[in-house]
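> the amino acid sequence is not available; the structure is as follows:
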């Protein structure tokens, strides 16, 4: 019975992967075409006077600044989100401050470590939920009440709140990541590397400001690899079976 169930599950995951491999690139490609079409129309179809040389210069400046992030972000997010959720996340956007925290919180609450097939499905479901909540709150609280509320609040209060929003989001993401990962050595390595990059490397070499995130991620991965435990990890089920076998083989007096 268990063998049949395992075979059915494997077949279902294979079908799911095939569907993901087909529709994931198609939806991302359509999103890219639509976004480029809108931008190109705004640049050349509205009489703004943008020349092709100016467009190439602007694109080159953006690539020079954020090109490394376009490589680091997929590599960093994939172990947590998985293949199907990656397609969802990069099509929707707001990954770091909305979709990734939703996926991490859902995986942590359901007791699933990132990197498994179940964690991938949990991440995809969490992204769907985050988008639904986001759209609903945008319509109700931003579209209906947002303008009125912002107009009622004093400007100093709004400025203070804005300065704490991003740290609060990333603080929650970091805490959830630490709790879900449960790896003391990796956490210590990440904290030390990030502190050195922010407080030592960037002040001494301001030209590395835009590469600080990439450097921190790469160095943290390397440091965590060398600091990892070299002892082989015995699965819990195998450990339980071994202990039971040991108790059975012990002679009784």
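Here it is on my side, so go on. Because the structure is predicted, anything quoted here is derived from the model rather than measured.
> so how far is the stretch of helix or strand residue 67 belongs to from its chain's centroid?
With elements delineated by DSSP states H and E, residue 67 resides in helix 52-92, which encompasses its position. Remark: helix 52-92 is offset 12 Å from the chain centroid, using Cα atoms, centre = their mean, to the nearest Å.
> for residue 224, which non-adjacent residue is closest in space?
If the residues on either side of it in the chain are set aside, residue 224 comes closest to residue 186, at 4.4 Å by Cβ to Cβ, 6 or more residues apart in numbering. (Glycine included, C-beta is placed from N, CA and C.)
> and the one you found, what does it touch?
By Cβ atoms under 8 Å, 6 or more residues apart in numbering, the contact set of residue 186 is 220, 224, 227, 228.
> in helices, which of those fall?
When DSSP state H defines the helices, the subset of the contacts of residue 186 inside them is 220, 224, 227.
> compare the residues you listed and tell me which is most surrounded.
With neighbours taken as other Cβ atoms under 10 Å, the top of the ones in helices among the contacts of residue 186 is residue 220, carrying 19 neighbours.
> which residues does it contact?
The neighbours of residue 220, taking Cβ under 8 Å, 6+ apart as the test, are 186, 189, 190, 193, 194.
> show me where this protein has helices.
The residue ranges that make up the helices of the chain, judged by DSSP H, are 2-44, 52-92, 100-109, 117-137, 146-152, 155-181, 184-196, 202-204, 212-227, 236-249.
> what comes into contact with the fifth one?
Counting by Cβ under 8 Å, 6+ apart, the neighbours of helix 146-152 from elsewhere in the structure are residue 158.
> from here on, call the first residue 5.
Got it, first residue is 5 now, which makes that one helix 150-156.
> show me the contacts for the closest residue to residue 222 other than its chain neighbours.
In space, residue 222 comes closest to residue 76 once its chain neighbours are excluded; the distance is 7.8 Å by Cβ to Cβ, 6+ apart. With Cβ under 8 Å, 6+ apart as the criterion, the residues that contact residue 76 are 217, 218, 221, 222.
> what subset of the residues you listed is buried?
Among the contacts of residue 76, those classed as buried by 16 or more other Cβ atoms under 10 Å are 217, 218, 221.
> hmm, residue 73 and the second one touching each other?
Yes. Between residue 218 and residue 73 a contact is recorded at 7.0 Å, counting by Cβ atoms under 8 Å.
> any weak-confidence spans in the stretch 55-204 of the chain?
By pLDDT under 70, the weakly predicted segments of the stretch 55-204 of the chain are 69.
> ok, how many other residues are close to residue 86?
As a burial measure, the neighbour count of residue 86 was computed by other Cβ under 10 Å and equals 24.
> so it is in contact with residue 127, correct?
Yes. Under the criterion of Cβ under 8 Å, residue 86 is in contact with residue 127, at a separation of 5.9 Å.
> would you turn the contacts of residue 76 into JSON lines with pLDDT and distance to residue 12?
Putting the contacts of residue 76 into JSON lines (pLDDT from 0 to 100; distance: Cβ to Cβ, whole Å) gives the following:
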{"residue": "217", "pLDDT": "78", "distance to residue 12": "42"}
{"residue": "218", "pLDDT": "77", "distance to residue 12": "43"}
{"residue": "221", "pLDDT": "81", "distance to residue 12": "39"}
{"residue": "222", "pLDDT": "85", "distance to residue 12": "41"}
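> residue 16: which of those is nearest?
Residue 16 has its nearest neighbour among the contacts of residue 76 in residue 221, at 33.9 Å by Cβ to Cβ.
> quick one: the closest one from residue 230, how far?
If you measure residue 221 against residue 230 using Cβ to Cβ, to the nearest Å, the figure is 16 Å.
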